[in-house]
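> no sequence on this one, just coordinates:
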């Protein structure tokens, strides 16, 4: 094996190794080994969570630096960041600890601010704490409690509506009512339907009223005849007025009666005479008065009639006992 | 006591050997052909076995991960699991073990033979330090070759994992999702940590093997026992160092 060949092989081998190292560096390399270039920033958090040294600092998802140190400063976690020199961070940017995966890969996320001025090296960037899983779960727990309360209230309200075995609720009552009156309701509804069907078919008074022109026409006729009647009534009223006028002017019998004093005087006289006659009658004066006021005539008449009757009876019972009869009759 | 003394002696001689070897670093241009030769032996000829081994390691990793993750429908994470395991741990360690077994044993055998047959003594007599022409090129060669072997082991291992993940019945993970998982979870830092580890392991392995070879005293039988010792110490050191180097690297 010649010396030159070996040298070539070794050279090739060496180059291969260097190239491989370069490839690996390019594909994996993030420059963490080499001294960090960039300016330092501090970010203070109440809780750094799982932020570790070497975690990325990302702005809008782009890596702009790394976390170079974490330490405790007066009870707060402080992360020292190294930011790439070409990246400028506005003053009002906010840093949060964000989660890259469920397995606890965190990174420091910087939300870009609007400010014109940029953060100076060695300054402190404003931070905001984000809820982590524990807090989220705690909140979910609280929320579950509230939801349970709400559901309890709801079910109570529903119970009040529906009622239970002891207590009748609105819905229960309605339900009862409907259940009990189901037949009636059904009948009512079917009746209503029949009625509406009949109406549609034009049956019955209403139906005919709705569908038949006859009714309308007769109504119109009635209206017309009412009009005619009105005319007649007007005539009548006119006549009446004429009569009344005549009466007022003292013409005719009624007019005389109403407006002539002499007639009234005569009538008054007649009335007075009648009064006298009736007084005399009541006092039993005169024939008629005696007839009315004295009952002797009546008694006489009665006794006469009784006698007559007896006489007729005696005539009817004539025979062997006639003597007895006559005697008896005579006695009584 | 004698054992401890022996261990300390080995330790000291290894460090001295490393220091002396690096003190001859300026002579590297004159040792260029030796360096290329060592690179060829250490890197180029080791590549096939590294490739085969890492392919199957990646495959079996994906298989095991799929076996564990498929019941919980988490196949998406096979990519990240295989990628990270290979990059951070398995590729450097397996490559170092292969280098210890394949190259380290050869080096210690060669140097032990030279020592036993007094070639090293002859070099010293000629005022040629054996560290300069025997140790220094090998150390430089392993430092150059180890990262390359490791990155190849990484990539081939990932491909092995992808092939297994896509074709095994109970996993059936799309290759794109697999590589997306790798991309999402494996950073270049992980790769670089692996390369640093591989560099350290390879360097220690070759240094120990050189030292054990050069410390050999006796005859042909000692050559064999030296090779055994060199490989055993290398493996132990690789696994011991793995833990400490990893814990140190994780701190950065």
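Sure thing, it's come through. Just so you know, these numbers come straight off a predicted model, no measurement behind them.

> helix or strand: which one has the closest residue to chain A within chain B?
Proximity of chain B to chain A (CB to the nearest CB) peaks at residue B:148, 2.5 Å away. (Each C-beta comes from the backbone N, C-alpha and C, glycine too.) Residue B:148 is part of helix B:136-167, with elements assigned from DSSP states H and E.

> got the buried residues for whichever helix or strand comes after that helix?
Next in sequence after helix B:136-167, counting helices and strands by DSSP H and E, comes helix B:175-185. For helix B:175-185, burial by neighbour count (16 or more other CB atoms under 10 Å in any protein chain shown) applies to B:177, B:178, B:179, B:181, B:182, B:184, B:185.

> how about the last one: what's its closest non-neighbour residue?
By the measure of CB to CB, 6 or more residues apart in numbering or on different chains, the closest residue to residue B:185 outside its immediate chain neighbours is residue B:80, 3.4 Å from it.

> what of the second one?
Taking CB to CB, 6+ apart, and ignoring the residues beside it in sequence, residue B:178 has residue B:79 as its nearest neighbour in space, at 3.9 Å.

> isn't the one you found up against residue B:174?
No. Assessed by CB atoms under 8 Å, residue B:79 is found out of contact with residue B:174, at 9.9 Å.

> tell me which of the two has more neighbours.
More crowded of residue B:79 and residue B:174, by other CB atoms under 10 Å in any protein chain shown: residue B:79, with 29 against 14.

> the residue nearest to residue B:185: what's it in contact with?
Neighbour list for residue B:80: B:181, B:182, B:184, B:185, B:186 [criterion: CB atoms under 8 Å, 6 or more residues apart in numbering or on different chains].

> flag whichever of those residues scores worst on pLDDT.
Lowest pLDDT within these is found at residue B:184 (80).

> how about the contacts made by that one?
With contact set as CB under 8 Å, 6+ apart, residue B:184 has these partners: residue B:80.

> for chain B, what's its nearest residue on chain A.
Closest point on chain A to chain B, by CB to the nearest CB, is residue A:17, at 2.5 Å.

> work out for me the element the residue positioned nearest the centre of chain B sits within.
Relative to the mean C-alpha position of chain B, the nearest C-alpha, by CA atoms, centre = their mean, is the one of residue B:96, at 1.8 Å. Assigned by DSSP H and E, residue B:96 belongs to helix B:91-99.

> what do you get for residue A:88?
Going by DSSP H and E, residue A:88 is not part of any helix or strand.

> not counting residues beside it along the chain, what's closest to it?
Spatial nearest neighbour of residue A:88, excluding adjacent residues (CB to CB, 6+ apart): residue A:118 at 4.3 Å.

> quick one: the one you found and residue A:86 touch, right?
No. Residue A:118 sits out of contact with residue A:86 when judged by CB under 8 Å, with a separation of 11.9 Å.

> in the chain, which spans are helices?
Answering for chain A, as no chain was given. Per DSSP state H, chain A carries helices over the ranges A:3-28, A:133-162, A:170-180, A:182-201, A:204-211, A:213-248, A:252-259, A:261-283, A:286-293, A:296-316, A:322-331.

> can you look at chain B instead?
Under DSSP H, chain B gives helices at B:2-23, B:32-42, B:47-69, B:78-85, B:91-99, B:105-116, B:119-125, B:130, B:136-167, B:175-185, B:188-214, B:220-251.

> please name the nearest non-neighbouring residue to the residue of chain B closest to chain A.
residue A:17 (2.5 Å).

> got the contact list for the residue nearest to residue B:178?
Applying CB under 8 Å, 6+ apart, one finds that residue B:79 lies in contact with B:161, B:162, B:165, B:173, B:177, B:178, B:179, B:180, B:181, B:182, B:185.

> so for residue A:100, what pLDDT did the model give?
pLDDT, residue A:100: 73.

> count the residues that sit near the residue nearest to residue A:211 when sequence neighbours are not counted.
Sequence neighbours aside, residue A:202 is the residue nearest to residue A:211 in space, at 3.5 Å (criterion: CB to CB, 6+ apart). Applying other CB under 10 Å, we find 13 residues neighbouring residue A:202.

> hang on, residue A:202 packs against residue A:209?
No. Judged on CB under 8 Å, residue A:202 makes no contact with residue A:209 at a distance of 9.3 Å.

> who in the stretch 51-200 of chain B is up against chain A?
Contact residues, the stretch 51-200 of chain B versus chain A (CB under 8 Å from any CB of the partner chain): B:144-145, B:147-149, B:151-152, B:154-155, B:182-183, B:186-192, B:195.

> compare residue A:118 and residue A:86 (neighbour count), which wins?
For residue A:118 and residue A:86, the more surrounded residue by other CB under 10 Å is residue A:118, and the numbers stand at 13 against 7.

> what bridges to the more buried one?
Beta bridges link residue A:118 to residue A:90, judged by DSSP bridges.

> can you check the pLDDT for it?
pLDDT, residue A:118: 82.

> what sits against it?
A:88, A:89, A:90, A:91 are the contacts of residue A:118 under CB under 8 Å, 6+ apart.

> the last one: neighbour count?
Going back to what we said before, that points to residue A:91. Residue A:91: 15 neighbours (other CB under 10 Å).

> grab the nearest non-local neighbour of it.
residue A:115 (4.2 Å).

> per-residue pLDDT, the one you found?
82.

> go on, residue B:94?
Looking at residue B:94, the pLDDT reads 94.

> just want the angle from the helix holding residue B:96 to helix B:220-251.
With axes from the mean of the first three to the mean of the last three CA atoms, to 10 degrees defining the directions, helix B:91-99 sits at 170 degrees from helix B:220-251.

> which helices and strands sit right next to helix B:91-99?
Judged by 3 or more CB pairs under 8 Å, 6 or more residues apart in numbering or on different chains; DSSP states H and E, the packing partners of helix B:91-99 are helix B:47-69, helix B:136-167, helix B:188-214, helix B:220-251.

> now do the last one, average pLDDT.
The reference is to helix B:220-251. In this model, helix B:220-251 has a mean pLDDT of 93.

> likewise for stretch A:223-240?
pLDDT averaged over stretch A:223-240 gives 87.

> any idea how far it is from the middle of the chain?
54 Å (CA atoms, centre = their mean, to the nearest Å).

> what comes up buried for it?
Going through stretch A:223-240 with 16+ other CB under 10 Å, nothing comes out buried.

> how many residues are close by residue 130?
Going with chain A. Neighbours around residue A:130, by other CB under 10 Å: 15.

> the chain in question should be chain B.
Considering only other CB under 10 Å, residue B:130 is surrounded by 22 other residues.

> residues in contact with the strand ranked longest in chain A?
Among the segments of chain A that qualify as a strand by DSSP state E, the longest is strand A:62-73. Identification of contacts with strand A:62-73 by CB under 8 Å, 6+ apart yields A:30, A:32, A:36, A:38, A:40-41, A:44, A:48, A:51-58, A:77-84, A:87, A:108, A:110.

> could you rerun that using 6 Å?
For strand A:62-73, contacts defined as CB atoms under 6 Å, 6 or more residues apart in numbering or on different chains pick out A:36, A:38, A:48, A:53, A:55-57, A:78-84, A:87.

> show me where pLDDT drops low in the stretch 51-200 of chain B?
Nowhere does the stretch 51-200 of chain B drop to pLDDT under 70.

> good, we can wrap up now.
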